[in-house]
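Participant: for reference, the sequence and a predicted model appear below.
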Amino acid sequence: MASRQPGTLLGPDAELVLGEDEDSLVGAFNRAGVLAAADVHVARVLARLGGEQDASVVLAAALAVRAPRAGHVLAELSTLRETVTAEAVSAAIGEGQAEADLSSLPWPELPTWLQSLARSPLVANGPLGGDDRPLRLVGSALYLDRYWRDEQAVAADLKARSRAQLKPVDEAVMAGGLARLFPGAGAAAQRQAAANALRRRFSVIAGGPGTGKTTTVARLLSLMEEQAATAGGPPPLVALAAPTGKAAARMAEAVHAEAGHLDVADEVRRRLFALEASTVHRLLGRQPTSSNRFRHHADNHLPHDVVVIDEASMMSLPLMARLVEAVRPDARLVLVGDHRQLASVEAGAVFGDIVGPAGDGAPVPPGPEAAGLTVPPRLTVLPPGPMASSITLLEANYRFSGSLAQLAAAIHDGDGDGVMAVLSDRREGHLEPVGAPLGTAGVRWLPVDAATAGPDSLEPVRTALVGAGRALADAAGRGDGAAALEAFGGMRLLCAHRGGPVGASTWNSRAEQWLGPGLTENGWYPGRPVVVTENDYSLDLFNGDTGVAVARPGGGLSVAFRRAGSLVYVSPARLAAVQTAFAMTAHRAQGSEFDQVVVLLPAPNSRVLTRELLFTAVTRARRQLILVGTEESVRAALRRPVARASGLTAALWA
C-alpha cells in the first residue's frame, strides 16, 4: 500500500492499493477516497475466485463491501453517486483535507451496470437467486449476501410473531391490573403498551428519555405474573438484556426500583427483585472462538418465556438476526428503545426501521382493548398490517421539563430556529443549582469552539467539573465505593469523537489537569473513573461498565463496580481494557443519564456531527446541561439526520 498525498484525496482511510492499474475502475475510486484499500482487496479476491473480469462488477462488489463499513446494509446503486459524494466530502472536510473533484469519477451507466451484475457469477439475482453467491442484487440494491439474509430473517421472524396469537389473556384480570398499575389519563399510552405486550408475541415500546419505558416494563412483567397465576401455571421465565453492560445494569436497577413500590403481591415483588439483566451477547452465549456465533440459535432456543431488550436502537442488523432466531417462536419478544437516538455503530438502524412510519407521528391502531381503556388520539392512521398494532409510542416526558425539554423537542424536529431560540436566551446562565428538583432542568449555552476557546470562555465547564471531581475524590479517598459511584454518576463530559481536540481522550487529560490528582506510577489514583472497553467474562465485566478507583483499608487501590445492586471490587492490575471516563463519547453514554452533562460539539464540518448525536447527548442530562459549541455546529448537526440504506422498513411494513 502507498500513502496518499496530503490535500489531494478524501476519506479517513489514507492508503492506496499498490499494483492497481492507473486506468482501473476500482483504482480511480480508491484514489478519490471513496473506496478503502480493504474494499478493493475483498472485491478483487471475489472476482478472482468467481472468474469475474467485468470492471463494473468488481467496482460494485467493492461498493457493497464498503456499505456496512459506512453503516449501511446495502449499496443502492441508483443513488450511490449522490450519497457517496456527500459522505466522502463530509469525511474529507472532517479530516481537514482538501476536497477532490468526484464529479469526474467514471460511474457506470445504471441500466448497463445492472445488466452486468445480473449476469455475473458473483451475484444472486433477486430474492429467489442462487444461495451460493457472495452478492445479492434486489432491484437496484446490491447486498453482501449475508446481510440480505439477515435482513430477510429479521423481517420474516418479526412479521410472523406480529401475526401469531398467544393464548387469550384473562381480560378482567388484565383490565384490573392495568387500572391499578397505570392509573390516570396520562398513562393511557403506557396501558396500551402493556396490553399490546400481554396479547402479542412481539411488541415494541418506543419513546424518548424519561417517557416511562422501563417503568412500563416493570409493571408489564407484574401483569404477566398475574396472568400466569390466574391460569394456574408457573411464573414466566424472563430474560432482561441490553446491548451494553451499562445499559443492562441501568435496566435492572430501574426494574428493581420500580418493584419496590408497585401494588403487587409480595411473591411477584420478590421475583422482580430477583431479575438480573445481561448483555445481549451474554444472553445468547457468545462463543470465545467467534464474534458472531452463539450457543443459542435456531436449533437451540433460549429457554425464556419473555425476552425484553432495552436500548434496542443500539443493536446492529447481524445481532438482531441472531437474537430473533434464538428466541422461541412461542415466547414473547419485547423491544424497548428510542428510535430517535444514535443507531448501532455497526451496520443498520434496525430499531428505527422496525418502528418505521409509526415513529413519524402517525397513530398505531390499537388492538382489542380492555374495558374502559383508550389510547391517545393522533393525526392520521397507519395502514393496517402485522406491525402496526405491535408498536406503541410513549411521548409524555416524566424526567425533565422547562428549557431542556423544549431544546430536546426542537432538536428532534430539526427546528434550527427553535433550537437557537432556546439557546440564545441562555448564553449567560439561568442554570438551576444541582439540588433543584427534576422538573426545573436548566440549560446553559457557551457559543464557542471548544477546540480553541480560552480558559475564561470555558470557566463554567471547569467549575462544574472541579465541583463534581472533588466530591468524587473525597468519597474515593475515604474508601466509600458507593458514594464514589454515586458522585461519578452526577456529571459527565460528552464528546462526538474519541480523539482530536474536542475528543474524549483530550478532555479526559484536561479534566485530570484541572483536578490535579496524585497519580501513582501506573497511572491510577483515588477517584479515577473508568469505563470498561471490552467484555471480560472472567471478571463478569462488560463493555460500557463504569467504575471508580477507591482507597482500600491498609493501603492500595481497588476499582468499585456496581453489579446487580451490590458493589464488587477489582484490583486495577486485573483490568486490561479500561479508559478514564470523566469524558466519553455520546455513543458510549447512550443508555445512561446524569444529573449534569457538558456537551462538547466539534467543528461544523465533523463527519460524525448529526442530529441524532446531538439529541442523544443533550438528553443524557436530568437536571443541568451546558452546551459548548458554535451556532454553526449546532445548525450543522440539525441539518444532518442519519440516513442508512436498508430494506428492512419496506420488508416489514409493505
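Facilitator: Sure thing, it's come through. It should be emphasised that the depicted structure is a prediction, and the values quoted were computed from it without experimental measurement. Residues are numbered from 1 along each chain as shown.
Participant: any weak-confidence spans in this protein?
Facilitator: Scanning the chain for pLDDT under 70 picks out the ranges 1-23, 85-103, 288-291, 360-386, 397-401, 426-441, 517-521, 564-565.
Participant: measure the closest residue to residue 80 other than its chain neighbours to residue 451 for me?
Facilitator: Once flanking residues are discounted, residue 80 sits nearest to residue 63: 6.4 Å by CB to CB, 6 or more residues apart in numbering. C-beta coordinates here come from the backbone N, C-alpha and C atoms, glycine included. Going from residue 63 to residue 451 by CB to CB, to the nearest Å gives 34 Å.
Participant: how about residue 210?
Facilitator: On the measure of CB to CB, residue 210 and residue 451 end up 31 Å apart.
Participant: residue 459 too?
Facilitator: From residue 459 to residue 451 the distance is 17 Å (CB to CB).
Participant: higher neighbour count, those two?
Facilitator: residue 451 (14 against 11; other CB atoms under 10 Å).
Participant: my guess is the more buried one contacts residue 497, does it?
Facilitator: No. Using CB atoms under 8 Å, residue 451 makes no contact with residue 497, being 10.5 Å away.
Participant: now the common contact residues for these two.
Facilitator: residue 602 (CB atoms under 8 Å, 6 or more residues apart in numbering).
Participant: quick one on the thing from earlier: Three-state assignment for the residue nearest to residue 80, please.
Facilitator: With DSSP: H, G, I helix; E, B strand; the rest coil as the basis, residue 63 sits in helix.
Participant: swap in residue 342?
Facilitator: Residue 342 is classified as coil under three-state DSSP.
Participant: what is the neighbour count of it?
Facilitator: Other residues close to residue 342 by other CB under 10 Å number 23.
Participant: could I get the phi/psi values of it?
Facilitator: phi -60, psi 140 (degrees, to the nearest 10).
Participant: and it, what does it touch?
Facilitator: Counting by CB under 8 Å, 6+ apart, residue 342 makes contact with 313, 314, 586, 587, 590, 610, 612, 613, 616, 642.
Participant: now residue 259
Facilitator: 218, 222, 269, 272, 273.
Participant: just the buried residues of these.
Facilitator: Buried members of the contacts of residue 259, counted by 16 or more other CB atoms under 10 Å: 218, 222, 269, 272.
Participant: which of the residues you listed sits closest to residue 387?
Facilitator: residue 218 (25.0 Å; CB to CB).
Participant: helix, strand or coil for the closest residue to the closest one other than its chain neighbours?
Facilitator: Nearest residue to residue 218, sequence neighbours excluded (CB to CB, 6+ apart): residue 258, at 3.7 Å. Here residue 258 is recorded as helix under three-state DSSP.
Participant: neighbours of residue 258, just the number please.
Facilitator: 20.
Participant: surely it meets residue 215?
Facilitator: Yes. In this structure, residue 258 is within contact of residue 215 by CB under 8 Å, at 5.5 Å.
Participant: quick revisit: what's near enough to touch the residue nearest to residue 218?
Facilitator: Contacts of residue 258 (CB under 8 Å, 6+ apart): 214, 215, 218, 219, 272.
Participant: can you count the residues close to the first one?
Facilitator: Applying other CB under 10 Å, we find 21 other residues in the vicinity of residue 214.
Participant: I'd assumed it was in a strand, is it?
Facilitator: No. Checked against three-state DSSP, residue 214 lies outside a strand; its state is helix.
Participant: quick thing: my sequence starts at 178, can you match it?
Facilitator: Yep, numbering from 178; the last one is residue 391 now.
Participant: do I have it right that it meets residue 428?
Facilitator: Yes. Using CB under 8 Å, residue 391 is in contact with residue 428, at 6.1 Å.
Participant: and for those two, which residues touch both?
Facilitator: Counting by CB under 8 Å, 6+ apart, the contacts common to residue 391 and residue 428 are residue 487.
Participant: next, the contact list for the spatially most central residue of the chain, please.
Facilitator: The centroid of the chain falls nearest to residue 491 when counting by CA atoms, centre = their mean (2.8 Å). Counting by CB under 8 Å, 6+ apart, residue 491 makes contact with 419, 420, 421, 424, 514, 519, 520, 521, 767, 768.
Participant: of those, closest to residue 532?
Facilitator: Out of the contacts of residue 491, the member with the shortest distance to residue 532 (by CB to CB) is residue 514, at 8.6 Å.
Participant: would you list the phi and psi of that closest one?
Facilitator: phi 170, psi -170.
Participant: got a list of what it touches?
Facilitator: So residue 514 contacts 383, 390, 486, 487, 488, 489, 490, 491, 528 (CB under 8 Å, 6+ apart).
Participant: columns distance to residue 305 and secondary structure on top of those residues, output as TSV?
Facilitator: Converted to TSV, the contacts of residue 514 look like this (distance: CB to CB, whole Å; DSSP: H, G, I helix; E, B strand; the rest coil):
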residue	distance to residue 305	secondary structure
383	34	strand
390	40	helix
486	32	strand
487	37	coil
488	36	coil
489	31	helix
490	32	helix
491	33	helix
528	29	helix
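Participant: buried members of the residues you listed into ChimeraX, please.
Facilitator: Here is the ChimeraX selection string for the buried members of the contacts of residue 514, based on 16+ other CB under 10 Å:
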select :383,390,486,487,488,489,490,491,528
